[in-house]
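**Q** Below is the sequence, then the predicted model.
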Amino acid sequence: MLASTRRGRKGMKNMRRFGHRCQNKAFAFFAFLLCSGGSALAAPPAPPQAAETSDVATLPHFSDHWALIATNNVAFTLYDGDKGTILGTVPAKMIDNLAISSDRTKIYTAVSMWSREDHGTREDFLQEYDTPHLALEHEIDLPPRALAVFKQQNLELSADGQWAYIFNMSPATGVSIVNLHDRKVVRTVDTPGCALIFPWAHNGFSSLCGNGSLTNVAFDGKKAQVTQTKSFFDADTDPVFEQSQVNRRTGQALFVTYTGMVYPATLSAQPVLGQPWSLQEAASQPKAGTGVQELAWRPGGKQPFFWHTADNRLYALMHTGPYWTHKQDGTEVWVYDVVQHRLLQRIVLPGPTASIAVSPDTKHPLLFAVQPSGKLFILSAESGEVTKTIEARVAGFLVVPTP
Amino acid sequence: MRVPLFDRVTETFTRHLASHSPRRQFLGWFSTFVAGSGAFPLLPVQRAQAESRASVPVPPNTASDFDRLAQSVDPTKCNYWRHCAIDGVLCGCCGGGVHTCPPGTQPSPVSWIGTCRNPSDGRQYVIAYRDCCGRTTCASTPDCHCNTADREMPIYRPQTSNDIIWCFGTTSTTYHCSTAAIVGQA
């Protein structure tokens, strides 16, 4: 009895111990489930993460589908147009300027700043970045540059990578010529009454003048020679856009007027002017006039043109409006065959757009469209389909590489 | 035939006038009146007429979109009549006024110009868009950032080009904001 009682008591104890063990195990099991989220029942615990060293990303060769986009008035942000992601940043403000070398290995910014932010000693200089590292490699002192809001035609490079041309305005106008191999200013040429830079294929550039002509500066490193054309457009009634296009490899230019007349030219000491044609007539519409009540499709915006030289197409940002709406945002991009003077395509934009640029490839070109709100749209330049929408805080100016 | 009374009275009066008024004397008086009328002080009347003529709205085919929508009440708005060719931040939104630079800044002695129509009096005025310089750009609300372009020209016509930072001749050439002062009637 005793024995059986003892056995019974012992049995009870064992039962309680077993119960406790079961409870403990169940508790531990549920705790494990809770902690592990129930996902790795059989997985061994993850090893601790290894210590890291800080490093710096580098870039592959500058892709056709990349663009440097002026953002937030403090920098140019390098975007991958395929992914819609940021690759890096090059500092430059609203009054500065940026150009990519033809071989895409260098990025140059023409910069002005003051030693004490808004006062003090003013310094103007050209900064040279190498593209793979976006590393600032050299700075070249410049005479005072022209200060204006983003204008690509205030800084241009020769296709061979030897010369940089920087437009000056004090308010007398001139151009500083920088030898990029020696990294110094070799010459400043006065261009009275003329402004902006449209480089030739070799050793020179032309500027647009207030009387509707071109001034042409030949410079091979020794002597500058200046020639002047006759007036070929009426600057009083229908001036040529500052944002007219040039192919720096060939020196061919497309000068487009406020009403939409296109004046082709091959630039040199003696520029050859081609037959002018109308953006509207090429689209089977009447030529637009200069009436302030004359409604028509017209070019306009902050950066309203892009000449895709690889397939010889002119992309024009168009809107409907009267004369003097040359700064108005566009609602469509019209794509022209530059040789045939024929409208090929109309791309309806997702909203009012201030600036456009197109990637230089012919396979699947991208159309970058910047809205005044700072939103960046990336579209297929072939179908017009929007592929990316980015709240990029764009300040209305963008630069893409040349082909 | 019986002549009506009115005709008889008129005939008698004109015959009397003809027989008692020397024609040369009449011509002399009349020419004196015509020649001398220029000496009468008609100028205020003419001015009043000129005023009413100038107040006639600009014919519809010469009014730009900006002209037709412009107002003359609130100079801190982009559609204020003087802002027909401005590009920048309005100084009136930054502690200054339509022709006044904000404290701590300096007006540029040179400027670009526009020609704008005042809807209140119908006149065209030359406007000097003087930038205020020496401080970093005024951080006003976006509705004070204006960019209009009536008669605005490219940078190779600098006097009417509004993309240029017009801070020439100031101690510092940093841009802060833009004013729109009346220079005179166009």
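**A** Structure received.
**Q** Tell me the first helix or strand C-terminal of the helix or strand bottoming out on mean pLDDT in chain A.
**A** Every helix and strand of chain A was ranked by mean pLDDT, DSSP states H and E. The lowest is helix A:2-36, at a mean of 50. Sequence order places strand A:66-71 as the next helix or strand after helix A:2-36, per DSSP states H and E.
**Q** What's the mean pLDDT across that following strand?
**A** Averaged across strand A:66-71, the pLDDT comes to 97.
**Q** That strand: partners in the sheet, and parallel or antiparallel?
**A** If you go by DSSP bridges, strand A:66-71 pairs up with strand A:75-80 (antiparallel), strand A:394-399 (antiparallel).
**Q** Let me have those strands in JSON lines, adding mean neighbour count as columns.
**A** All C-beta atoms are positioned from the backbone trio N, CA, C, and that covers glycine. Formatted as JSON lines, the strands paired with strand A:66-71 follow (neighbours: other Cβ atoms under 10 Å in any protein chain shown):
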{"stretch": "strand A:75-80", "mean neighbour count": "22"}
{"stretch": "strand A:394-399", "mean neighbour count": "24"}
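**Q** worst average pLDDT in the ones you listed?
**A** strand A:394-399 (a mean of 92).
**Q** any idea how far it is from the chain center?
**A** 6 Å (Cα atoms, centre = their mean, to the nearest Å).
**Q** got it, and stretch A:298-311?
**A** 13 Å.
**Q** what is the mean pLDDT for it?
**A** 97.
**Q** Stretch A:181-191 too?
**A** For stretch A:181-191, the per-residue pLDDT averages 97.
**Q** what residues does it touch?
**A** A:128, A:138, A:140-143, A:161-162, A:168, A:172-179, A:207, A:209, A:215, A:217, A:219, A:221, A:224, A:226 (Cβ atoms under 8 Å, 6 or more residues apart in numbering or on different chains).
**Q** How about exporting that stretch as PDB, limited to the C-alpha atoms?
**A** Extracted C-alpha coordinates of stretch A:181-191, given in PDB (Å, rounded to 0.1, in the frame of the first residue of the first chain):
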ATOM      1  CA  HIS A 181      44.700  70.200 -72.900                       C
ATOM      2  CA  ASP A 182      46.800  72.900 -71.300                       C
ATOM      3  CA  ARG A 183      44.000  73.900 -69.000                       C
ATOM      4  CA  LYS A 184      44.200  77.600 -69.400                       C
ATOM      5  CA  VAL A 185      42.400  80.500 -71.000                       C
ATOM      6  CA  VAL A 186      44.300  81.300 -74.200                       C
ATOM      7  CA  ARG A 187      42.300  84.100 -75.600                       C
ATOM      8  CA  THR A 188      39.300  86.300 -75.000                       C
ATOM      9  CA  VAL A 189      37.500  87.600 -78.200                       C
ATOM     10  CA  ASP A 190      35.200  90.600 -78.200                       C
ATOM     11  CA  THR A 191      31.900  89.900 -79.900                       C
END
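**Q** how about that stretch: buried residues?
**A** By neighbour count with 16 or more other Cβ atoms under 10 Å in any protein chain shown, stretch A:181-191 contains the buried residues A:185, A:187, A:189, A:191.
**Q** Any regions of the chain where pLDDT drops low?
**A** Picked chain A for this. Residues of chain A that meet the criterion pLDDT under 70 lie in A:1-42.
**Q** To clarify, I was referring to chain B.
**A** Counting by pLDDT under 70, the low-confidence segments of chain B come to B:1-60.
**Q** and it, what are its domains?
**A** Domains of chain B are assigned by automatic domain parsing as B:5-54, B:61-185.
**Q** what residues does chain B put near chain A?
**A** B:60-67, B:87, B:110, B:134-137, B:147-158, B:163-165, B:167-168, B:171-175 (Cβ under 8 Å from any Cβ of the partner chain).
**Q** returning to what we had before: output the domains of chain B as JSON lines; include the columns distance to A:E385.
**A** Converted to JSON lines, those look like this (distance: least, Cβ to Cβ, whole Å):
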{"stretch": "domain B:5-54", "distance to A:E385": "55"}
{"stretch": "domain B:61-185", "distance to A:E385": "30"}
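**Q** show me where the stretch 151-300 of chain A has strands.
**A** With DSSP state E, counting those that start in this stretch, the ranges of strands along the stretch 151-300 of chain A come out as A:155-157, A:163-169, A:173-179, A:184-190, A:194-199, A:204-209, A:214-219, A:224-228, A:245-247, A:252-256, A:261-266, A:272-273, A:277-278, A:296-299.
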